[in-house]
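*Asks:* Quick one, structure for this:
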Amino acid sequence: MSTPPKTVLHASEAEANAIREAVRNADPTGLGPNRVLAEMKHVPGLVELLSDERVSGPIYDLPRPITTESVTRWVAERQAEHLAGEGLLVVNLDDQDRVSGYSHIAVWPERSSAEIAGALRADLQNQGQGGAGMRASFAWIFETLGVRLMCLTAALDNIRSQKGIDAAGFRRMGERDVEKPDGTIRHSVYWELTREEWEKRHRL
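*Replies:* This next block holds a predicted model:
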């Protein structure tokens, strides 16, 4: 499970309900071309994608071990999350309709907050598009889902992600221990950013 932000915001009932509806009705193509909500038909492609430790290794909230059964359960849980207005699991499809990446957006409507995690297939990494893609995703979450706060984590040795998050303007707020599905703990760098801070940095 994703871990909510350290900073606790309190959304009104109206704000929380609006966020839930925004999540339920969100069009994933806003995150980029060839993005669709994950369905059971995508499980084999996700298993293939996530079985590569170069893809899944840095991500703390994925099921372990990566098997057809564990990924099927993970997709079902994320579908239930979407129906509740509390998250989105989006897959990227390549020109052959193969799963080439994914994004999981966890949302806490009562706290007007969200977190995003995701990865690309190994052969698509390190092509200079990661930073732009990250910034586009952050903007889409703030603007489309209407949350007021985002948090992010990255493993201590995941320097590439750390640089991208820093460059996007997120504030480092020390470290955080996050629990993996297998009960083990990962030590992580932790960031937060408010929607107001994002708008000031990227629109003024």
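*Asks:* where exactly do the helices run in the chain?
*Replies:* Taking DSSP state H as the criterion, the chain carries its helices at 13-25, 43-50, 53-56, 68-83, 130-140, 159-167, 195-203.
*Asks:* export those helices to TSV and tack on mean neighbour count?
*Replies:* For the C-beta atoms, the positions are set from N, CA and C on the backbone; glycine is no exception. Output for the helices of the chain, formatted as TSV (neighbours: other Cβ atoms under 10 Å):
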stretch	mean neighbour count
helix 13-25	16
helix 43-50	19
helix 53-56	15
helix 68-83	16
helix 130-140	17
helix 159-167	16
helix 195-203	14
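*Asks:* which one of these lies closest to G174?
*Replies:* helix 159-167 (13.3 Å; Cβ to Cβ).
*Asks:* Tell me which residues touch the spatially closest residue to A154 that is not a sequence neighbour, please.
*Replies:* Spatially, and ignoring its direct neighbours in sequence, A154 is nearest to S161 (4.2 Å; Cβ to Cβ, 6 or more residues apart in numbering). Applying Cβ atoms under 8 Å, 6 or more residues apart in numbering to S161 gives the contacts P58, A154, A155.
*Asks:* Going by distance to K6, which of those wins?
*Replies:* Nearest to K6 among the contacts of S161: A154, at 15.2 Å, using Cβ to Cβ.
*Asks:* is it true that the closest one touches F170?
*Replies:* No. The pair A154 / F170 is not scored as a contact, 10.2 Å apart, by Cβ atoms under 8 Å.
*Asks:* one step back: make TSV from the helices of the chain and add mean pLDDT and distance to E110 to it.
*Replies:* Listed next are these as TSV, based on pLDDT from 0 to 100; distance: least, Cβ to Cβ, whole Å:
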stretch	mean pLDDT	distance to E110
helix 13-25	98	5
helix 43-50	96	29
helix 53-56	88	30
helix 68-83	97	14
helix 130-140	80	21
helix 159-167	88	25
helix 195-203	87	16
